[in-house]
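Chemist: quick one, structure for this:
(one chain, ligands or ions: 2)
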Amino acid sequence: MKLKYLSHSAFQITTEGGKVILIDPFLDENPNSPVKSADVRPDYIILSHAHGDHLGDAFKIAKRTDPLFICVNELANYVISKGFRAHNMHIGGGFNFDFGRLKFTIAHHGSSTPDNQYCGEPAGILLFIEGKTIYHTGDTGLFYDMKLIGEMNKIDYMLLPIGDNYTMGITDAVKAVELANPRIAIPIHYNTFPVIETDPKEFKRQMAEKHKECIIMEFGQELDI
Ligand code: NI
Ligand code: MN
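Modeler: Ligands and ions are numbered 1, 2, ... in the order given. Okay, here's the model as predicted:
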């Protein structure tokens, strides 16, 4: 499968089976995204929470391509209220989709829409696709249950924020990787706005000190995983 980083928290996964999955598609107003909403054609849109830098262009894309949204119940109901299709789930629950399995985890953050409606709890996303396990933490502060998530799931790729201010900064993100113990950590949610400017190379340096592998993905880079 292919894992493409669209910058900020946005990823596009293309499975061997040909399914296209977008996560948190904040593209058109995102100064770092090399891909715009008109360029994508997802079968699924997964949202970690409702904040504008995650909901992003989801509705604009959905008007054109009619994907199935996957989100926690309150956010899914908001999506449905706007006229789109959604699969309602909640934290701790998993479901087998045609691309693989998805399970939502806790995340410590908020989840209001840009028009200030509250959409339940924010979430992290565990994906089990074609033999690989990807943990997109969503926006979150550090929490000790990451250790439990790592104990119960052999995580291949952990996608986690390092930008500070709204989420974990580098020091807490290093600890998060120690707790969840993924094979490879990929830093996200940095350098999009002035308040979350940070140096991913410093994260990578601290990861190396802990003998942890880190890949800094370029904005727009696609990995074969
Ligand atoms: Ni957020
Ligand atoms: Mn965010």
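Chemist: when you work out contacts or count neighbours from here on, use the C-alpha atoms and nothing else.
Modeler: Will do.
Chemist: quick one: neighbours of residue 216, just the number.
Modeler: Using other C-alpha atoms under 10 Å, the number of residues around residue 216 comes to 15.
Chemist: which SSE is it in?
Modeler: Counting by DSSP states H and E, there is no helix or strand that carries residue 216.
Chemist: heads up, I number from 47, so please use that
Modeler: From this message on, residue numbering opens at 47, which makes the last subject residue 262.
Chemist: identify the residue spatially nearest to it, adjacent ones excluded.
Modeler: Distance criterion C-alpha to C-alpha, 6 or more residues apart in numbering; nearest residue to residue 262, sequence neighbours excluded, is residue 232 at 5.9 Å.
Chemist: who's in contact with the one you found?
Modeler: When contacts are counted by C-alpha atoms under 8 Å, 6 or more residues apart in numbering, residue 232 touches 203-206, 260-263.
Chemist: what's the answer for residue 78, then?
Modeler: Contacts of residue 78 by C-alpha under 8 Å, 6+ apart are 52-54, 238, 265.
Chemist: and of the residues you listed, the nearest to residue 220?
Modeler: When the contacts of residue 78 are ranked by distance to residue 220 (C-alpha to C-alpha), residue 54 comes first, at 18.2 Å.
Chemist: near the nearest residue to that closest one once chain neighbours are set aside, how many other residues are there?
Modeler: Distance criterion C-alpha to C-alpha, 6+ apart; nearest residue to residue 54, sequence neighbours excluded, is residue 235 at 4.3 Å. The local packing of residue 235 (other C-alpha under 10 Å) involves 26 other residues.
Chemist: ditto for residue 131
Modeler: Using other C-alpha under 10 Å, residue 131 has 18 neighbouring residues.
Chemist: partners of it in the sheet?
Modeler: Residue 131 forms beta bridges with residue 114, as assigned by DSSP bridges.
Chemist: surely it is in contact with residue 124?
Modeler: No: using C-alpha atoms under 8 Å, residue 131 is not in contact with residue 124, being 10.4 Å away.
Chemist: if we can go back for a sec, spit out the contact partners of the residue nearest to residue 54.
Modeler: The neighbourhood of residue 235, defined by C-alpha under 8 Å, 6+ apart, consists of 53-55, 206-209, 242.
Chemist: how about the contacts of residue 78 in JSON lines, adding secondary structure and neighbour count?
Modeler: Compiled in JSON lines, the contacts of residue 78 are given as follows (DSSP: H, G, I helix; E, B strand; the rest coil; neighbours: other C-alpha atoms under 10 Å):
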{"residue": "52", "secondary structure": "coil", "neighbour count": "28"}
{"residue": "53", "secondary structure": "coil", "neighbour count": "26"}
{"residue": "54", "secondary structure": "coil", "neighbour count": "26"}
{"residue": "238", "secondary structure": "coil", "neighbour count": "19"}
{"residue": "265", "secondary structure": "coil", "neighbour count": "17"}
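Chemist: out of those, which is nearest to residue 108?
Modeler: residue 52 (17.6 Å).
Chemist: check for me that residue 148 belongs to a strand.
Modeler: Yes: using DSSP: H, G, I helix; E, B strand; the rest coil, the assignment for residue 148 is a strand.
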